[in-house]
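Asks: Take this sequence and fold it.
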Amino acid sequence: MKIKKDDTVIVISGKDRGKTGKVKSVLPKEDRVIVEGVNMVTRHIKPRGPQEPGGIKKSEAPIHVSNVMYYDAKSKKGVRIGYQVEDGKKVRIMRPAGTKIDK
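Replies: Down below sits the predicted model:
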């Protein structure tokens, strides 16, 4: 997967199209990512005793990785990611400009 945890991404399709957020976690086996503030779902939680009250809880649900794109803050739009080998290490680059993402 070209998207990693703590990357800033923009949603390119779906109900949250155009929103940006930080990747909280990556689920590579399912090809999905969890992004802050995107794909919010509502869960009705049943009370589980006095220390765990019930209620309505909102949380982020996973979104398919094909529906997000790496967000370049400089150009303020989504960019594709490519790879380049430098000194025997594989580093991610932004496709149109060729600038490095990984330090």
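
Asks: Grab the most central residue of this structure for me.
Replies: Val23 (3.5 Å; Cα atoms, centre = their mean).

Asks: where's that residue relative to Ile12, distance?
Replies: 14 Å (Cβ to Cβ, to the nearest Å). Backbone N, C-alpha and C define where each C-beta goes, glycine included.

Asks: before we move on, the earlier item: isn't the residue nearest to the centre of the chain up against Lys2?
Replies: No: the criterion here is Cβ atoms under 8 Å, and Val23 misses it with Lys2 at 11.4 Å.

Asks: Give the intersection of the neighbour lists for the two.
Replies: Counting by Cβ atoms under 8 Å, 6 or more residues apart in numbering, no residue touches both Val23 and Lys2.

Asks: Indicate each strand paired with the strand or helix carrying Tyr83 and its parallel or antiparallel sense.
Replies: In this structure, Tyr83 sits in strand 81-86 according to DSSP states H and E. Here strand 81-86 has these sheet partners by DSSP bridges: strand 89-94 (antiparallel).

Asks: Near Thr20, how many other residues are there?
Replies: 19 (other Cβ atoms under 10 Å).

Asks: if I look at the residue nearest to Thr99 when sequence neighbours are not counted, how far off is Ala61?
Replies: For Thr99, ignoring the flanking residues on the chain, the nearest one in space by Cβ to Cβ, 6 or more residues apart in numbering is Ile93 at 6.5 Å. Between Ile93 and Ala61 the computed distance is 30 Å (Cβ to Cβ).
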